[in-house]
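Asker: Fold the following, please.
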Amino acid sequence: MNNSGNSKRVLLFVHGRDFKPGAIDFGDLSISALTMGIERDCAEMADHFNALDKRLAYYGDISNEFLASKGLRYDETLDIGDRRNALIKIRALEKKKNFSVTRYDRLPGKSALSEFFADTVAPLAGGIGLSSLLMRKVGADLSEYWNAKSDFAERLRERVRSSICDALDDGSQIMLLTHGTGCIVAYDVLWQISHDAQYAEKYRDQKIDVWLTLGAPLGDSMVRRRLLGARKKGVDRYPSVVVSWHNVSAEDDYLSHDNTLADDFKPMLRQKQVSFIRDYRVYNLAVRYGKSNPHSSIGYLAHPRTAQIISEWLQQGQVTPLPKSIF
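Answerer: Okay, here's the model as predicted:
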């Protein structure tokens, strides 16, 4: 991703599971999706966004290597081409009012069965503790992340942790943007720098301005039980380095089937560990390989809600600060 611009203001993107293109191609595609949304809906902030320091916490090479070792195949050239095609289709939607349920219902490949799974089966499974079976079915890499005998999780966390800590060391104002299972990795890192003795002494008093989660599985009961700190009590249970938390979940996104996080992490508010947690429900209009994909990062990154949240964060820096005294 582009490392130019204002070094004191950083947008850091953490991707999710499955095979990923190389860091340069994936970063460029992600920036293109974000830029598309800003230019479409918040054109007055386009110059500020373009000047923003954009960074990618990339661990796709680690995930790709592991998945390949399991005999899974990946065509990187085809994946890049399909992501570009998804962007082209979304670019044709020139107004944010097009991101509606009417448009979503007309996408190819939608079926009553997939909607039933996303709306009914996945939430029920999560509620009775069976969602680990669903998670294993959709992600060998996620299962490996929770394998206590493997160093896979710490290798991923190290990539994300070094990216976050580098930005904090720079004294930067940070928006942390995470997608899918990347939200799990990021949460664990945020807990580490809040409470782990190895990192907390240096970082627990520093803050990330905004955490924006896209398609996060953090509301799932099984996932919450496996997060770092889950067995702790009181303030030691949750991260304490985030000021504002926005959570965006798409209709029919199986991975974020429990789409509200404000209720699940309410103790963070009560304990004054975060200023607010706000949930949003959207329609992800990405089409991947000829069918609707409501979990697609392309669709989330290019969505009007994402553009609005980023624009509002950028505008914070344009507000004249209040005088030290009004008397």
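Asker: What's opposite the closest residue in space to residue 89 that isn't next to it in sequence in the beta bridge?
Answerer: Excluding the flanking residues, the one nearest residue 89 by C-beta to C-beta, 6 or more residues apart in numbering is residue 287, at 5.6 Å. Where C-beta positions appear, they are placed from N, C-alpha and C, glycine not excepted. Using DSSP bridges, the bridge partners assigned to residue 287 are residue 292.
Asker: Tell me who's in contact with residue 287.
Answerer: Residue 287 makes contacts with 85-86, 89, 107-109, 293, as judged by C-beta atoms under 8 Å, 6 or more residues apart in numbering.
Asker: and what of residue 227?
Answerer: 184, 187-188, 191, 218.
Asker: do that again at 6 Å, thanks
Answerer: When contacts are counted by C-beta atoms under 6 Å, 6 or more residues apart in numbering, residue 227 touches residue 187.
Asker: Show the pLDDT at it.
Answerer: Residue 227 carries a pLDDT score of 98 in this model.
Asker: gap between it and residue 183?
Answerer: 10 Å (C-beta to C-beta, to the nearest Å).
Asker: returning to that earlier point: pLDDT check: weakest of the contacts of residue 287?
Answerer: residue 109 (86).
Asker: Helices along the stretch 1-150 of the chain, start to end?
Answerer: Ranges of helices within the stretch 1-150 of the chain are 23-41, 46-51, 60-69, 76-91, 101-105, 112-116, 122-127, 131-138, 140-145, based on DSSP state H, counting those that start in this stretch.
Asker: Make JSON lines out of the ones you listed and add distance to residue 306.
Answerer: Listed next are the helices of the stretch 1-150 of the chain as JSON lines, based on distance: least, C-beta to C-beta, whole Å:
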{"stretch": "helix 23-41", "distance to residue 306": "6"}
{"stretch": "helix 46-51", "distance to residue 306": "12"}
{"stretch": "helix 60-69", "distance to residue 306": "21"}
{"stretch": "helix 76-91", "distance to residue 306": "12"}
{"stretch": "helix 101-105", "distance to residue 306": "16"}
{"stretch": "helix 112-116", "distance to residue 306": "23"}
{"stretch": "helix 122-127", "distance to residue 306": "23"}
{"stretch": "helix 131-138", "distance to residue 306": "23"}
{"stretch": "helix 140-145", "distance to residue 306": "23"}
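Asker: among these, which is nearest residue 209?
Answerer: The closest of the helices of the stretch 1-150 of the chain to residue 209 is helix 46-51. By C-beta to C-beta, the value is 14.5 Å.
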